[in-house]
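**Student:** one predicted model, sequence on top.
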Amino acid sequence: MIDLPDSAYIHIPFCRRRCFYCDFPISVIGNKTEPSQYSPIETYVEWLVQEIALTPNLGKSLKTVFFGGGTPSLLPVKELSRILETLEKKFGFSQGAEISLEIDPGTFTTEKLRSYQRLGVNRVSLGAQAFQDEILQTCGRSHSVEDIWQAVKSLEEVGFANFSLDLISGLPYQSLQQWEESLLEAIKINPKHLSCYDLVLEAVTPFGKRYQAGEFPLPTDDHSAQMYRLAQEKLTQAGYQHYEISNYALNGYQCQHNRVYWENRSYYAFGMGAASYLQGSRYNRPRTRVDYYEYVAGLKNTQDQARSSLNTEQDYLLETLMLGLRLSEGVSLSLLSYRFGEEIVSRLFSLLLPYQDQGWVIISDEKVCLSDPEGFLFSNVVLTSIFEKFM
Ligand code: SF4
C-alpha cells in the first residue's frame, strides 16, 4: 500500500524566552518585536524556503499544513507569506486545506491575526496553559492571564471560528481547584478544540533538574489521575468529544493534521529539529540553526536526504498500535490482519485480554480501543506491555 504524503509540518523555532519545562529545539530571541529586529527569523525563513524548494514533490497536493514551534506567531506576515507561497508553488494546496498555526498570548495583534487569516491560515492553536498568573510565572511563561483574554478578544474580533486552546495539568504547586478553574475558564471561551497535556518532566530542563515526578510541589500520581478524570468529565459534559488521549473537539473540529500522525501516515516536515515520515522512513533534521543551515546547504549539493532511519515491519506494527490506540476509535482489526497477518492479531488479542477484564481495553469484532477515561489514563501500562511482548 503506497502512502503518499499530503501533509506538511513547518517548525518555527523562535520564542521570547524558554519555558521551564520545555526541551524543544528553539532559539530564544527575547522581546525583539520590531520589524528591524527580525533578522534571525528572516535568515531562518530564507533557509527554510530553500529546503522546501529542494524537496521532491511526491505527487499529492497538501491537505494539511501545521506551523508549530517555538512560537510561530512571532513570524512577521511577509515571512509567513513567503513560506506559504513556496509550499503552494512546490506542492499546491487541496481545496479546503487545513492550515494551522500555533499562537502564544502577547505575541500578536488583531491586525497581524487578520493578515494571517488573509494568507489562508484557517485554524489557530492558542497556548494558554493555565489561568493563574502565579502558575504561568512558576512555569517561566512569557505571558499573563490578561494576555490570554486579550488574545481571545483578538480572535473574536477577527472572527477566527476554528481555534484550539492548550492547557497543561500536573504543574508545580497546581491544585485540583486551580486546574478546575482553568478548565472552566477554557469552556467559557468556547473554543472548537482543546488540548490538555499532562506535564512531562524532561531531565535537561530547569523543572527536570529541580523536581522529582510524583513529589511535591508536583502532584502525586493519584492527584494527576484526578486531574485527568476531571478534564474528561468537565469537557465531555460541555459537549466536547474526547477523540484522542489529550485532545477534545466539538463535532467536526478534530485536528486533521495531528490525525495524520496518530494514523501513522506519511508527512513532510521542514525546519530545524523537524522530523518527516516518508515511505516508511523518518528523517530527523539538526536541532541547532547552524547545523540546520549546513544540512540545507548539503541538500543543495547532493539532493541527498541523509539522517534517515528505515522502519522495520515490527517498528511499523508497534507504531501503528501505539499511535492508533491514542485515538478513541482505536485500531481496526481487519486493517491489522490485512497488513500484518492473523497470527499477529491473535497474539495481540491474548495480550490484551487481561486489560479487557480490568476495563481498560475494549475489543470488538472490528477494532480494539482504550476505554475513556481509565484506559486512556493507564495507556502507558498497556502500551508498555505490548511493546515488551512484541520486541
Ligand atoms: S513557548 Fe512553547 S516552544 Fe517556546 S519555550 Fe515555551 S513551551 Fe517551549
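**Tutor:** Looks like it came in fine. Residues are numbered from 1 along each chain as shown.
**Student:** over to residue 132: give its phi and psi.
**Tutor:** Taking degrees, to the nearest 10, you get phi -130, psi 120 for the backbone angles of residue 132.
**Student:** the spatially closest residue to it that is not a sequence neighbour and residue 122, how far apart?
**Tutor:** What sits nearest to residue 132 in space, not counting adjacent residues and going by CB to CB, 6 or more residues apart in numbering, is residue 178, at 5.4 Å. (Glycine included, C-beta is placed from N, CA and C.) Taking CB to CB, to the nearest Å as the criterion, residue 178 is separated from residue 122 by 33 Å.
**Student:** got the CA positions of the helix or strand that contains residue 185 in CSV?
**Tutor:** Mapping residue 185 onto the secondary structure by DSSP states H and E places it in helix 176-189. What follows is helix 176-189, C-alpha atoms only, in CSV (Å, rounded to 0.1, in the frame of the first residue of the first chain):
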residue,chain,number,x,y,z
LEU,A,176,-7.1,20.5,41.7
GLN,A,177,-9.2,23.6,42.3
GLN,A,178,-6.9,25.7,40.1
TRP,A,179,-7.0,23.0,37.4
GLU,A,180,-10.8,23.0,37.5
GLU,A,181,-10.8,26.8,37.3
SER,A,182,-8.6,26.7,34.2
LEU,A,183,-10.9,24.1,32.6
LEU,A,184,-14.0,26.2,33.4
GLU,A,185,-12.4,29.4,32.0
ALA,A,186,-11.5,27.5,28.8
ILE,A,187,-15.0,26.2,28.5
LYS,A,188,-16.4,29.7,28.9
ILE,A,189,-14.2,30.8,25.9
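**Student:** tell me the buried residues in that helix?
**Tutor:** Using 16 or more other CB atoms under 10 Å as the burial criterion, the residues of helix 176-189 that qualify are 178-179, 182-183, 185-187, 189.
**Student:** got the buried residues for the helix or strand harbouring residue 125?
**Tutor:** Using DSSP H and E, the element containing residue 125 is strand 123-129. Counting neighbours by 16+ other CB under 10 Å, one finds that the buried residues in strand 123-129 are 123-129.
**Student:** can you check stretch 57-69 too?
**Tutor:** By neighbour count, with 16+ other CB under 10 Å as the criterion, the buried positions of stretch 57-69 are 62-69.
**Student:** ok now that stretch, how far from the chain's centre?
**Tutor:** Averaging C-alpha positions (CA atoms, centre = their mean, to the nearest Å) puts stretch 57-69 15 Å from its chain's average.
**Student:** does the ligand sit close to that stretch?
**Tutor:** Yes - using CB under 6 Å from any ligand atom as the criterion, contacts between stretch 57-69 and the ligand involve residue 69.
**Student:** could you pull up the residues touching residue 253?
**Tutor:** Each residue near residue 253 by CB atoms under 8 Å, 6 or more residues apart in numbering is listed here: 162, 192-193.
**Student:** go on, residue 352?
**Tutor:** Contacts of residue 352 were listed using CB under 8 Å, 6+ apart, and they are 361, 363, 368, 382, 386.
**Student:** can you tell me the element it falls in?
**Tutor:** Going by DSSP H and E, residue 352 is in helix 342-358.
**Student:** continuing past that helix, what's the next helix or strand?
**Tutor:** The element immediately downstream of helix 342-358 (helix or strand, assigned by DSSP H and E) is strand 361-363.
**Student:** who are the packing partners of that following strand?
**Tutor:** Using 3 or more CB pairs under 8 Å, 6 or more residues apart in numbering; DSSP states H and E as the contact criterion, the elements in contact with strand 361-363 are helix 342-358, strand 367-370.
**Student:** what separates the first one from the chain centre, distance-wise?
**Tutor:** The one in question is helix 342-358. How far helix 342-358 lies from its chain's middle: 29 Å, per CA atoms, centre = their mean.
**Student:** CA atoms only for that helix - export them in PDB, please.
**Tutor:** Output of helix 342-358 as PDB, limited to C-alpha atoms (Å, rounded to 0.1, in the frame of the first residue of the first chain):
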ATOM      1  CA  GLU A 342      -3.900 -13.200  11.500                       C
ATOM      2  CA  GLU A 343      -1.200 -14.500  13.800                       C
ATOM      3  CA  ILE A 344      -0.200 -11.100  15.000                       C
ATOM      4  CA  VAL A 345      -3.800 -10.200  15.700                       C
ATOM      5  CA  SER A 346      -4.300 -13.300  17.800                       C
ATOM      6  CA  ARG A 347      -1.100 -12.600  19.700                       C
ATOM      7  CA  LEU A 348      -2.300  -9.100  20.400                       C
ATOM      8  CA  PHE A 349      -5.700 -10.300  21.400                       C
ATOM      9  CA  SER A 350      -4.300 -12.700  24.000                       C
ATOM     10  CA  LEU A 351      -2.000 -10.000  25.400                       C
ATOM     11  CA  LEU A 352      -4.900  -7.500  25.800                       C
ATOM     12  CA  LEU A 353      -7.400  -9.900  27.300                       C
ATOM     13  CA  PRO A 354      -6.300  -9.200  31.000                       C
ATOM     14  CA  TYR A 355      -6.700  -5.500  30.300                       C
ATOM     15  CA  GLN A 356     -10.100  -6.100  28.900                       C
ATOM     16  CA  ASP A 357     -11.100  -7.800  32.100                       C
ATOM     17  CA  GLN A 358      -9.800  -4.800  34.000                       C
END
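**Student:** quick one: name the residues of the stretch 1-150 of the chain near the ligand.
**Tutor:** 15, 18-19, 22, 24, 26, 69-71, 104.
**Student:** give the next helix or strand downstream of the helix or strand of the chain with the lowest mean pLDDT.
**Tutor:** The weakest-scoring helix or strand in the chain, judged by mean pLDDT, DSSP states H and E, is strand 308-310 (a mean of 61). Taking DSSP H and E as the definition, the helix or strand that follows strand 308-310 towards the C-terminus is helix 313-324.
**Student:** okay, now the sheet partners of the next helix or strand after that following helix, with direction.
**Tutor:** Sequence-wise, the next helix or strand downstream of helix 313-324 (DSSP H and E) is strand 331-332. Note on strand 331-332: by DSSP bridges, its sheet partners are strand 367-370 (antiparallel).
**Student:** what about the strand it pairs with, average pLDDT?
**Tutor:** For strand 367-370, the per-residue pLDDT values average out at 96.
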